[in-house]
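[1] let me see the structure of the following:
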Amino acid sequence: MDPDARCPCGSGLSYGECCGPFHSGAASAPTAERLMRSRFSAFAVGDPAYLLRSWHPDARPASIEIDPDTRWLWLEIVRTERGSERDSDGVVEFRAKYRVDAPEGRSSGVQHEVSTFARVAGEWVYVDGEA
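    Residues are numbered from 1 along each chain as shown. Coordinates of the predicted model:
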């Protein structure tokens, strides 16, 4: 993704200032919310390697495929609990709007999830989520 383009996570920053450094490994998300935003952006830009790297090692699947027919449109953070730079765990509730442009037709929806996060070796990771 162009580093000067607006970041898909909705922060208002450019991709190069926001989620891009997390995706490239140049920086780590400082909070659970920033990790959630960067994971949404990874879906939006098609970066399954980042999704796997940012998943808790005890819960991480062996692989992940991103559906090329699904386009992630916007992210709304509903609430956060803990997850600051000083915490060891956190919760982020979010809504993510998507559109599917499949050969059988177009559809859209919203994924509403309450996700849990933890720090492993000082890095925020996604643990699991409840839709």
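[2] select the longest strand from the protein.
    Scanning the chain for the strand with the most residues, using DSSP state E, yields strand 105-120.
[3] all strands for this structure, in order.
    Counting by DSSP E, the strands of the chain are 70-82, 89-102, 105-120, 123-130.
[4] of the ones you listed, which approaches Gly46 most closely?
    strand 70-82 (9.7 Å; C-beta to C-beta). For the C-beta atoms, the positions are set from N, CA and C on the backbone; glycine is no exception.
[5] list the helices and strands that closest one packs on?
    Packing partners of strand 70-82 (3 or more C-beta pairs under 8 Å, 6 or more residues apart in numbering; DSSP states H and E): helix 32-45, strand 89-102.
[6] looking at the ones you listed, which is nearest to Tyr126?
    helix 32-45 (6.1 Å).
[7] what's next to that closest one, contact-wise?
    1, 7-11, 15, 18-19, 22-23, 29, 47-48, 50-51, 54, 66, 70-72, 75, 77, 80, 82-84, 87, 89-92, 94, 96, 115, 117, 124-126 (C-beta atoms under 8 Å, 6 or more residues apart in numbering).
[8] buried subset of the residues you listed, written for PyMOL?
    To isolate the buried ones among the contacts of helix 32-45 in PyMOL, judged by 16 or more other C-beta atoms under 10 Å, type:
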select buried, resi 1+7+8+9+10+11+15+18+19+22+23+29+47+50+51+54+70+72+75+80+83+90+91+92+94+96+115+117+124+125+126
